[in-house]
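Participant: Could you work out the structure for the sequence below:
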Amino acid sequence: MSRFGDATTIKQVGEGRYEAELDGAFGMAEAVNGGYLMALLGNAAVDATPHAHPVATATSFLRTAHPGRAEIVVDVRKVGRTAATARVTLRQDDRDAVEALVTTATLDAATEPSFLGEPPAPRLPALGDCVTFEDADRNPESFPGQVEMHFDPATMGWLDGEPSGRPELRGWFRLRDPHPNDAAALALAVDALPPVALNAGARGWSPTVELTWHMRAVPAPGRLALHGTGRLVAGGWFDEEVEVWDEAGRLVAQSRQIARLGRGPAA
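Facilitator: From the prediction side, this is the model:
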């Protein structure tokens, strides 16, 4: 079992009830990453329904989840031959922290698209021409210690105090351990980029309020290409859309979120 596999393992303790141990390495400053939480909720929904993949997940983040024990409650609302729907809630300290409506279905890994609109997969520089954050060996218990990311330098001007003015980020993603590119990995990937609003002048933590993501295909092995963009930054809020493409050039996941605009010290 990989570190991510261990960290996203759920244990059934009753009808529609599960327990999980939240791994702080998949987060920042004692706040667990939202994509990691969605991976857990998706695993619980798949376990409680007859279908293999969480194809649509609409998630509300009610409060910050922290490392440690959590309870997951699944209320199956509908079961059909091609899709099922469940309301899934993650609780800590007897309070709801995250709630999602998850639709499950079973995707065929061999399916080819009959239509793929523009734009095509994002063009990313070679790894050697990309920007990375800290050396994972210095802090293996950090998020960069678990997730290897290489960013397009054209979208990283905010690091040097020169944001582009356009809310956009692009980068390569993969887990550092041998975990496969499954639905849980995609849930993590859609929330792995820094906030795109950093290129629009935001600073510090920008908490997600709601995030909806769709699994569009079963990914091929290898790195995933992430392309994050935003449409509007206004009134302390911003939106962010992320597309995830695999090495076979297939669109495998999409997401859209609404978040609060960070105004604290730069990370």
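Participant: What segments of the stretch 151-267 of the chain are strands?
Facilitator: For the stretch 151-267 of the chain, applying DSSP state E, counting those that start in this stretch gives strands covering 168-175, 208-215, 224-229, 233-234, 237-245, 251-260.
Participant: mind putting those in TSV, distance to residue 72 included?
Facilitator: For glycine as for every other residue, the C-beta is placed from the backbone atoms N, C-alpha and C. Below are the strands of the stretch 151-267 of the chain laid out as TSV (distance: least, C-beta to C-beta, whole Å):
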stretch	distance to residue 72
strand 168-175	22
strand 208-215	17
strand 224-229	26
strand 233-234	33
strand 237-245	24
strand 251-260	21
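Participant: Pick out the shakiest of these, pLDDT-wise.
Facilitator: The weakest mean pLDDT among the strands of the stretch 151-267 of the chain belongs to strand 233-234, with a mean of 94.
Participant: got TSV for the strands of the stretch 151-267 of the chain, with distance to residue 121 and mean neighbour count too?
Facilitator: Formatted as TSV, the strands of the stretch 151-267 of the chain follow (distance: least, C-beta to C-beta, whole Å; neighbours: other C-beta atoms under 10 Å):
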stretch	distance to residue 121	mean neighbour count
strand 168-175	11	22
strand 208-215	17	20
strand 224-229	6	23
strand 233-234	26	13
strand 237-245	4	21
strand 251-260	7	20
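Participant: Return the helix or strand in this protein with minimum mean pLDDT.
Facilitator: strand 27-28 (a mean of 90; mean pLDDT, DSSP states H and E).
Participant: immediately after it, which helix or strand?
Facilitator: Next helix or strand after strand 27-28 toward the C-terminus (DSSP states H and E): strand 31-32.
Participant: Determine how far that next one lies from the middle of the whole chain.
Facilitator: Its chain's C-alpha centre and that of strand 31-32 lie 13 Å apart, by C-alpha atoms, centre = their mean, to the nearest Å.
Participant: Check which element follows it along the chain.
Facilitator: Next along from strand 31-32, by DSSP H and E: helix 34-48.
Participant: Dump that following helix to CSV, restricted to CA.
Facilitator: Output of helix 34-48 as CSV, limited to C-alpha atoms (Å, rounded to 0.1, in the frame of the first residue of the first chain):
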residue,chain,number,x,y,z
GLY,A,34,-9.6,19.8,0.2
GLY,A,35,-8.8,17.5,-2.6
TYR,A,36,-7.5,14.9,-0.2
LEU,A,37,-10.8,15.2,1.7
MET,A,38,-12.8,14.7,-1.5
ALA,A,39,-10.8,11.6,-2.2
LEU,A,40,-12.0,10.1,1.1
LEU,A,41,-15.6,11.1,0.5
GLY,A,42,-15.4,9.6,-3.0
ASN,A,43,-14.0,6.3,-1.6
ALA,A,44,-16.9,6.1,0.9
ALA,A,45,-19.5,6.8,-1.8
VAL,A,46,-18.0,4.1,-4.1
ASP,A,47,-18.0,1.6,-1.2
ALA,A,48,-21.6,2.3,-0.4
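Participant: For that helix, name the packing helices and strands.
Facilitator: Counting contacts by 3 or more C-beta pairs under 8 Å, 6 or more residues apart in numbering; DSSP states H and E, helix 34-48 packs against strand 17-22, strand 53-61, strand 68-79, strand 84-92, strand 95-105, helix 183-189, strand 208-215.
Participant: now, of those, which is deepest in the fold?
Facilitator: helix 183-189 (a mean of 27; mean count of other C-beta atoms under 10 Å).
Participant: these two touch, right, residue 250 and residue 220?
Facilitator: Yes - between residue 250 and residue 220 there is a contact under C-beta atoms under 8 Å: 7.1 Å.
Participant: Which one of the two is surrounded by more residues?
Facilitator: Applying other C-beta atoms under 10 Å to residue 250 and residue 220 shows that residue 250 carries more neighbours, namely 18 against 14.
Participant: dump the residue contacts of the more buried one.
Facilitator: By C-beta atoms under 8 Å, 6 or more residues apart in numbering, the residues touching residue 250 are 113, 217, 219-220.
Participant: so where's the stretch 1-150 of the chain shaky on pLDDT?
Facilitator: 134-138 (pLDDT under 70).
Participant: and residue 118, how many neighbours?
Facilitator: By other C-beta under 10 Å, neighbour count at residue 118 equals 4.
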